[in-house]
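S.K.: just need the structure, nothing else, for what follows:
(2 chains)
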Amino acid sequence: GAGVSQTPSNKVTEKGKYVELRCDPISGHTALYWYRQSLGQGPEFLIYFQGTGAADDSGLPNDRFFAVRPEGSVSTLKIQRTERGDSAVYLCASSFSGSGSPYNEQFFGPGTRLTVL
Amino acid sequence: GDSVTQMEGPVTLSEEAFLTINCTYTATGYPSLFWYVQYPGEGLQLLLKATKADDKGSNKGFEATYRKETTSFHLEKGSVQVSDSAVYFCALSKAAGNKLTFGGGTRVLVKP
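M.R.: Coordinates of the predicted model:
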């Protein structure tokens, strides 16, 4: 079946602009995660959705970052007033359920490479 | 907060050599531990996992044992192939929410 997809694959924007990054999770997966991976580093957690609600947004760096998942499927990560330091690969992952144990494997998308000039 | 530390790369070795990538963690409670792999041009994939102390995760010839006494989860493979060239990430998660905390990644290059 189809995996996690992310669009666009690449996004180049200018400092101060607004961008939206889209994630289509695996069908039926209730949990959705956003991570940010800077060059040469490991991914860093941003936000986690269980269904439509943000269950944990503790990783969002500041109020310029916002994410939604209005129907419990597709999610959009929104970044306002972009800064050069926002340049990174933004990864989306989904899993069947984000709660409890045992661990439910997260399946990652290919990422969106964001470059802020 | 929780953190994962893994050896810096790049690690360059010849085909059929023995590979070890060290990983240690700091976390409260009893996290689950993982190794993810990112092959060139591909997305992150789960390689193996262990959910409690002394568990051994294994896949594709790779192994790692959850050592709570040393807070470690070192990755090993006895005989690497060129196709094992990739970036390897150690990670942990807690049960609630399952968000992953990653190490910085170790690039491995296997030469024929």
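S.K.: enumerate every residue touching the closest residue in space to B:Phe89 that isn't next to it in sequence.
M.R.: Leaving out its chain neighbours, the residue that sits closest to B:Phe89 by CB to CB, 6 or more residues apart in numbering or on different chains is B:Tyr36, at 4.4 Å. Quick note: C-beta positions are derived from backbone N, CA and C, even for glycine. Going by CB atoms under 8 Å, 6 or more residues apart in numbering or on different chains, B:Tyr36 touches B:44-47, B:88-89, B:91, B:102.
S.K.: pLDDT value on residue 84, please?
M.R.: Using chain A here. Looking at A:Arg84, its pLDDT reads 96.
S.K.: wait, I meant chain B there
M.R.: Per-residue pLDDT puts B:Asp84 at 97.
S.K.: look up how far B:Glu76 lies from it.
M.R.: Remark: distance between B:Asp84 and B:Glu76 (CB to CB, to the nearest Å) = 12 Å.
S.K.: mutual contacts of those two, please.
M.R.: Common neighbours of B:Asp84 and B:Glu76, using CB under 8 Å, 6+ apart, are B:Leu19.
S.K.: between those two, point out the one with more neighbours.
M.R.: B:Asp84 (20 against 15; other CB atoms under 10 Å in any protein chain shown).
S.K.: right, and that one touches B:Lys111 too?
M.R.: No: taking contacts as CB atoms under 8 Å, B:Asp84 lies outside contact range of B:Lys111: 11.2 Å.
S.K.: for chain B, list the residues in contact with chain A, please.
M.R.: Residues of chain B that fall close to chain A, judged by CB under 8 Å from any CB of the partner chain: B:4, B:32, B:42-46, B:49, B:51, B:89, B:91, B:93, B:95-105.
S.K.: below-threshold pLDDT in chain B: ranges please.
M.R.: For chain B, the stretches with pLDDT under 70 are B:95-97.
S.K.: equivalent analysis for chain A, please.
M.R.: Along chain A, the parts satisfying pLDDT under 70 run over A:1, A:98-103.
S.K.: find the nearest non-adjacent residue to the residue nearest the centre of it, please.
M.R.: In chain A, the centroid-proximal residue (CA atoms, centre = their mean) is A:Trp34; its distance is 2.9 Å. With CB to CB, 6+ apart as the criterion, A:Trp34 has its nearest non-adjacent residue at 4.2 Å, and that residue is A:Leu46.
S.K.: can you check B:Glu42 too?
M.R.: A:Pro110 (7.6 Å).
S.K.: my guess is that neighbour meets B:Tyr39, correct?
M.R.: No: taking contacts as CB under 8 Å, A:Pro110 lies outside contact range of B:Tyr39: 11.8 Å.
S.K.: ok, now which ones touch the nearest residue to A:Phe108 once chain neighbours are set aside?
M.R.: Nearest residue to A:Phe108, sequence neighbours excluded (CB to CB, 6+ apart): B:Leu44, at 4.1 Å. B:Leu44 makes contact with A:43, A:91, A:93, A:108, B:36-38, B:89, according to CB under 8 Å, 6+ apart.
S.K.: if you set the cut-off to 10 Å instead, what comes out?
M.R.: A:35, A:37, A:42-43, A:91, A:93, A:106-111, B:36-38, B:87, B:89, B:91, B:100, B:102 (CB atoms under 10 Å, 6 or more residues apart in numbering or on different chains).
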